[in-house]
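Novice: Take a look and give me a structure for this.
(one chain, ligands or ions: 1)
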Amino acid sequence: MSRPMALLDIITAPDPRLKKKAEPVERVDAATAKLMADMLETMYDAPGVGLAAPQVGVLKRIIVVDPAREEAPPAPLKMANPEIIWASEETKPHEEGCLSLPEEYDEVVRPDKIKVRYIDENNELRTVDADGLLSVIIQHEMDHLNGVLFVDHISSVKRSMIMRRLTKQKKFEKLGKRHALETA
Ligand code: NI
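Specialist: This is a model prediction of the structure:
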């Protein structure tokens, strides 16, 4: 039986739910596979190249990623309990953004290559070797499972600047919503 996909709401910072540690998945059952499919749909719709379950309010160790460029065929990975079992000593800087920190970007330095073990949407144990963009995205999404945002890797001065902008933006959106209700 095929079920319709659903778009999920993405939580934006600052929000205490983005700072929590997510729980491991016991097994990938039909409900978890459905969540993975919905997360992927939500990610493509945003659009983004990765999404972690805590960003949609689910404190489970689940991420979805797809580093394929727009003109390339989709290459999604759905991962439960991802674990980095090897990382290169060589690091590389990469400009990162995040669906939970809209319009904010900065350079983060991470290991260049990684080997990751995870459980896929069919509850099979797998490993993947990642470098380049895929490596960056997996590491970024895995951070979300530990309540870590990309801004936690940059200088505190830059981080507070970004968080101030996001806080202001949130207040502004709340006011806008109230105004729309009052004038409706
Ligand atoms: Ni993110």
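Novice: who are the neighbours in contact with Gly48?
Specialist: Going by C-beta atoms under 8 Å, 6 or more residues apart in numbering, Gly48 touches Leu99. No exception for glycine: its C-beta is placed from N, CA and C like everyone else's.
Novice: Using the three-state scheme, assign it.
Specialist: Under DSSP: H, G, I helix; E, B strand; the rest coil, Gly48 falls in the coil class.
Novice: Now do it against Leu40, distance only.
Specialist: Gly48 sits 10 Å away from Leu40, going by C-beta to C-beta, to the nearest Å.
Novice: And for Pro82?
Specialist: In terms of C-beta to C-beta, Pro82 sits 15 Å off from Leu40.
Novice: out of the two, which sits in the more crowded spot?
Specialist: Pro82 (23 against 20; other C-beta atoms under 10 Å).
Novice: correct me, but that one touches Ile63?
Specialist: Yes: taking contacts as C-beta atoms under 8 Å, Pro82 lies within contact range of Ile63: 6.1 Å.
Novice: Mutual contacts of those two, please.
Specialist: By C-beta under 8 Å, 6+ apart, the residues touching both Pro82 and Ile63 are 138, 141-142, 145.
Novice: Could you measure from Val58 over to Leu166?
Specialist: 22 Å.
Novice: Show me the strands in this structure, by range?
Specialist: Using DSSP state E, the strands of the chain run over 50-52, 62-65, 77-87, 91-98, 101-111, 114-119, 125-130.
Novice: Show me the strands paired with the first one, marking each as parallel or antiparallel.
Specialist: This means strand 50-52. strand 62-65 (antiparallel) (DSSP bridges).
Novice: try the third one
Specialist: Paired with strand 77-87 in the same sheet, following DSSP bridges, are strand 62-65 (antiparallel), strand 114-119 (antiparallel).
Novice: Same question for the fourth one.
Specialist: Strands adjacent to strand 91-98 in the sheet, as given by DSSP bridges, are strand 101-111 (antiparallel).
Novice: The residue nearest the centre of the chain pairs with what?
Specialist: Taking C-alpha atoms, centre = their mean, the centroid of the chain lies closest to Leu51, which sits 3.0 Å from it. Beta bridges link Leu51 to Val64, judged by DSSP bridges.
Novice: List the buried residues in stretch 56-67.
Specialist: 56, 58, 60-67 (16 or more other C-beta atoms under 10 Å).
Novice: and that stretch, how far out from the chain's middle?
Specialist: 6 Å (C-alpha atoms, centre = their mean, to the nearest Å).
Novice: Okay, now that stretch: how far is its last residue from its first?
Specialist: End-to-end span of stretch 56-67 (C-alpha to C-alpha, to the nearest Å): 20 Å.
Novice: and it, what's its mean pLDDT?
Specialist: For stretch 56-67, mean pLDDT rounds to 98.
Novice: The chain should start at 41 in everything you say after this.
Specialist: With the count now opening at 41, the last piece we talked about shows up as stretch 96-107.
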